[in-house]
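[1] dropping the sequence and predicted coords here.
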Amino acid sequence: MQFLKLFAPILIAIFLIFSDYKFSYLDNFKQLITKLTSPVYLLVNLPSQLYLWVNEQGADRQFLLNQNKRLNAELIRLKVKLQRHNALLSDNQKLSKLLKSRYQIDKGVFVLARVSTINQSRLKKQIVINKGGRDDIKVGQIALGADGVLGQVSQVTPFYATILLITDPTQHIPVKNQRNGIRGVGKGIASNQDKLMVRFIESGLDIKVGDVFLTSAIVSKFPAGYPVGRVTRVENRANDPFLYVELAPAQTTQQLEFILINTRDN
């Protein structure tokens, strides 16, 4: 009896397995059992599935964050590259303007320099450039911009030089009227503005607002024909035998980046 109790379930199980294998009698029953037990399976498997989902979401989020960082870095790199391109394009345009200026430029006579600093006060107006004695820059040489004469080299070191502007109160430059040839001497004005005046033009001579004065080669290191400034004011002053003629410089220092130094001995 004890033997039957022990082996009866085993025999029944063997019979059912054999019957199912050979005749498929229990297919419908298995499907029913599967449907009934599927919620239990889902419930038991839920923690592992939830764990996998959280890991996947974290991995996707980290991937997106890393991708976003890479894209941002690439965007910044491209923006910097674009800025550099724009800067080079702007420099090229400025150089083209300088080399196509109104006055004639002799090949091999000029040294191109970049403006490092601009120092302007009421009594001192000068700029510093990035070229010096090692570039054949010497005291007294003439500095030119795209629109006209700037001034003269006043100090030189091996690595940089200082240009005294024509608007400096200590600067004197022989000039002549482009329209009628009337001559005078340009001199900087002690002012916070960029101005110069033309001295020694007798009252009654034909000077008009808008006239352009050029450099004159008479008793001067300045080569002739470079624009100096345009007349903005003309006055006949009492007890003064000369006209008061005020000029705005042809070449301003606003947005000035490149200049040419005339290295020819005049």
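    Okay, I see it.
[2] CA atoms of stretch 217-234 as CSV?
    Output of stretch 217-234 as CSV, limited to C-alpha atoms (Å, rounded to 0.1, in the frame of the first residue of the first chain):
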residue,chain,number,x,y,z
ALA,A,217,57.4,118.0,-50.5
ILE,A,218,58.9,121.5,-50.0
VAL,A,219,61.4,121.4,-47.1
SER,A,220,59.8,118.2,-45.7
LYS,A,221,60.5,114.5,-45.3
PHE,A,222,56.9,113.9,-46.3
PRO,A,223,56.5,112.7,-49.9
ALA,A,224,54.2,114.9,-51.9
GLY,A,225,50.6,114.1,-52.8
TYR,A,226,49.3,112.2,-49.7
PRO,A,227,45.9,113.3,-48.4
VAL,A,228,46.2,115.1,-45.1
GLY,A,229,42.7,116.4,-44.3
ARG,A,230,39.6,118.1,-45.5
VAL,A,231,38.7,121.7,-44.5
THR,A,232,35.9,121.9,-42.0
ARG,A,233,36.2,125.5,-40.9
VAL,A,234,37.6,128.8,-42.3
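[3] quick one: mean pLDDT for it?
    The predicted model gives stretch 217-234 an average pLDDT of 84.
[4] now it: buried residues?
    Neighbour-count burial for stretch 217-234 flags 220, 222-223, 226-231, 234 (criterion: 16 or more other CB atoms under 10 Å). The way it works is simple: take the backbone N, C-alpha and C, and place the C-beta from them, glycine included.
[5] what's that stretch in contact with?
    Residues lying outside stretch 217-234 but in contact with it, judged by CB atoms under 8 Å, 6 or more residues apart in numbering, are 102-103, 140, 142, 144, 147-149, 152, 166, 173-175, 183, 186, 195-196, 198, 207-216, 243-251, 262, 264, 266.
[6] before we move on, back to that, nearest to residue 191 among the buried residues of stretch 217-234?
    Within those, proximity to residue 191 (CB to CB) peaks at residue 229, which comes in at 13.8 Å.
[7] distance-wise, check that closest one relative to residue 123.
    Look at residue 229 and residue 123: by CB to CB, to the nearest Å, they are 20 Å apart.
[8] and residue 114, by the same measure?
    For residue 114, the distance to residue 123 (CB to CB) stands at 26 Å.
[9] what's around residue 136, how many residues?
    11 (other CB atoms under 10 Å).
[10] do you know how far the nearest residue to it once chain neighbours are set aside is from residue 211?
    When the adjacent residues along the chain are set aside, residue 136 lies closest to residue 263, with 5.5 Å between them (CB to CB, 6 or more residues apart in numbering). Taken as CB to CB, the spacing of residue 263 relative to residue 211 amounts to 31 Å.
[11] so the two - more neighbours on which side?
    Ranked by neighbour count (other CB under 10 Å), residue 263 and residue 211 place residue 211 first, with 20 against 16.
[12] that one touches residue 179, doesn't it?
    Yes. Residue 211 sits in contact with residue 179 when judged by CB atoms under 8 Å, with a separation of 5.4 Å.
[13] in the stretch 151-266 of the chain, which segments are predicted with low confidence?
    Across the stretch 151-266 of the chain, the ranges flagged by pLDDT under 70 are 219-220, 265-266.
[14] next secondary structure after the helix or strand where residue 143 lies?
    Taking DSSP states H and E as the definition, one finds residue 143 inside strand 142-144. Moving toward the C-terminus from strand 142-144, the next helix or strand (DSSP H and E) is strand 149-156.
[15] list the contacts of the helix or strand just after that following strand.
    Note on strand 149-156: by DSSP H and E, the next helix or strand toward the C-terminus is strand 161-165. Contacts made with strand 161-165 from outside it, assessed by CB under 8 Å, 6+ apart, are listed as 113, 120, 125-129, 131-133, 137, 143, 150-156, 170-171, 188, 194, 249, 253, 259, 261.
[16] show me those that map onto strands.
    Among the contacts of strand 161-165, the subset assigned to strands under DSSP state E consists of 113, 120, 125-129, 143, 150-156, 188, 249, 259, 261.
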